[in-house]
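[1] Prediction below, plus the sequence it came from.
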Amino acid sequence: MAKQNLTKSVDIQVTMRAVDFATRFASNWEHLRAILGIMRTIRREPGTKLISKYAVVSSLAQPPAEGEAVSLTKAEVKEKEYATLALERYAKSVTIDAINDHGFDVACQMTDDQFLVELQQNVVDRWYAYLRGGTLTGAGATFQMALAKAQGLARNKFKRMHKGITGVVGFCNILDVYDYLGAQNINNVEQEFGLNYIKNFLGYTVLFLLSEDEIPKGTVIATPVENINLYYVAPNESDFQRAGLRYVTDGETNMIGVAIQPDYNTGESITHALHGMTLFSEYIDGIAVVDIGVETFTAVSNPAEGANPSALKYYEKDATTNEYFRSTDTTVQNGKTYYTRAVSQPNG
């Protein structure tokens, strides 16, 4: 009589292709986590949402007059859902005829490689779109000034919240970097996960060099590493296994599940991939999005020009030097007129 709970050959469903696919996916994501400096990974349990709590206090009640009772100040604790997360299922199939014609390495392995790239890119593309929605905005006249402005905005935001940070990660268009460097070579560009990046560039812990599809030319983005989080569903959840869905996983976080299924009826080898993951920031107002270009501002009139100057004689006062800067160009944003700083004019 066989021993109780003995694992038999029929119980071993794992194939080397599934193990290799899951391991490479996990390895790439661990590299990306290390580069981004992600310190917090949050595993979504079945039936739960990613919620944070924050306190809201209404305006302080007026102090009481002598002999009167103290009025109460109303305070509430509210919840905010950071991200919704759904399982995403994908499959790729290779026919036995393709394997026969081209061999396993071409028909299966090469298509597995590209399948892996597309799955990874799908996640990071959503992350770039999310970054572009950052609400800390500004402008810098040059690429270097825009990078400095973005980092300054991000650091200032967290300092005002009394939250310490260990570094700032930046994202920019690779063409802007080469425009900035001109004929100079970038000798310390590294690559992981198919991404180009530079470490310790102009004060950034890491600066990612992205394509125009990912970050538009003329835009730089910055956020502290503490503001980048990974939220995921583990495909090897016991509830899935109880339903008979067994996926191969690998790595610390088990972010992707892979199953290789042969279909003898049609002569196909089907690769199934399952994941649910997203990169998100706890503070969307901690993501600085800065345009490369001349700064704009709300203009004021120079007292020396009279009460009703023309549009070409609007000025911005520099609080440090008490000079007024004449404006010669206008733009309209969100219904407000802005005047682009042109030349400085001493205030007589």
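    Arrived safely, thanks for sending.
[2] Just the pLDDT at the residue nearest the centre of the chain, thanks.
    Centroid check for the chain by Cα atoms, centre = their mean gives Trp127 as the closest residue, at 4.1 Å. Note on Trp127: pLDDT of 87.
[3] sec struct for it, please.
    State at Trp127, reduced to three classes by DSSP: H, G, I helix; E, B strand; the rest coil: helix.
[4] thought it was touching Leu279?
    Yes: counting by Cβ atoms under 8 Å, Trp127 touches Leu279, with 4.2 Å between them. Backbone N, C-alpha and C define where each C-beta goes, glycine included.
[5] domains for this structure, by residue range?
    As given by automatic domain parsing, the domain ranges for the chain are 14-47+81-128+230-277, 136-226+284-292, 296-345.
[6] Those: which one's closest to Leu72?
    Of all the domains of the chain, the one in closest proximity to Leu72, counting by Cβ to Cβ, is domain 136-226+284-292 (26.5 Å).
[7] now stretch 207-225: mean pLDDT?
    92.
[8] Quickly run through the sheet partners of the top strand by length along the chain, with directions.
    When the chain is parsed with DSSP state E, its longest strand is strand 268-280. In the sheet, strand 268-280 lines up against strand 88-95 (antiparallel), strand 229-233 (antiparallel), strand 256-263 (antiparallel) (DSSP bridges).
[9] Could you point out the helix or strand that follows the shortest one?
    Right, the one you point to is strand 229-233. Per DSSP states H and E, the first helix or strand lying C-terminal to strand 229-233 is helix 238-242.
[10] re the thing from before, go through the domains of the chain and pick out the most buried.
    Of all those, domain 136-226+284-292 carries the top mean neighbour count, a mean of 18, counting by mean count of other Cβ atoms under 10 Å.
[11] what's the span of that one from first residue to last?
    15 Å (Cα to Cα, to the nearest Å).
[12] Make 15 the first number, not 1, from now on.
    Got it, the first residue is 15 from now on, which makes the last one we talked about domain 150-240+298-306.
[13] now that domain, how far from the centre of its chain.
    Domain 150-240+298-306 sits 12 Å away from the centroid of its parent chain (Cα atoms, centre = their mean, to the nearest Å).
[14] who wins for proximity to Gln158 among the strands paired with strand 282-294?
    Nearest of these (Cβ to Cβ): strand 243-247, 29.3 Å.
[15] Alpha carbons of the helix or strand hosting Asp193, as PDB, please.
    Asp193 belongs to helix 188-195 when assigned by DSSP H and E. What follows is helix 188-195, C-alpha atoms only, in PDB (Å, rounded to 0.1, in the frame of the first residue of the first chain):
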ATOM      1  CA  ILE A 188      15.700  60.200 -24.200                       C
ATOM      2  CA  LEU A 189      15.800  62.800 -27.000                       C
ATOM      3  CA  ASP A 190      15.900  65.600 -24.400                       C
ATOM      4  CA  VAL A 191      18.900  64.000 -22.700                       C
ATOM      5  CA  TYR A 192      20.800  63.800 -26.000                       C
ATOM      6  CA  ASP A 193      19.800  67.400 -26.900                       C
ATOM      7  CA  TYR A 194      21.200  68.500 -23.500                       C
ATOM      8  CA  LEU A 195      24.500  66.600 -23.900                       C
END
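[16] From the contact counts, what lies against that helix?
    Applying 3 or more Cβ pairs under 8 Å, 6 or more residues apart in numbering; DSSP states H and E, one finds that helix 188-195 contacts helix 157-174, strand 218-224.
[17] Go again with 6 Å.
    The helices and strands touching helix 188-195, judged by 3 or more Cβ pairs under 6 Å, 6 or more residues apart in numbering; DSSP states H and E, number zero.
[18] after that helix, next one along is what?
    Toward the C-terminal end, the helix or strand that comes next after helix 188-195 (DSSP H and E) is strand 203-206.
[19] and the angle for the helix or strand that comes right after that following strand with strand 218-224?
    On the C-terminal side of strand 203-206, the nearest following helix or strand under DSSP H and E is strand 209-215. Strand 209-215 runs at 150 degrees relative to strand 218-224, counting by axes from the mean of the first three to the mean of the last three Cα atoms, to 10 degrees.
[20] ok and strand 209-215 relative to helix 157-174, angle-wise?
    Going by the same axes, to 10 degrees, strand 209-215 makes 70 degrees with helix 157-174.
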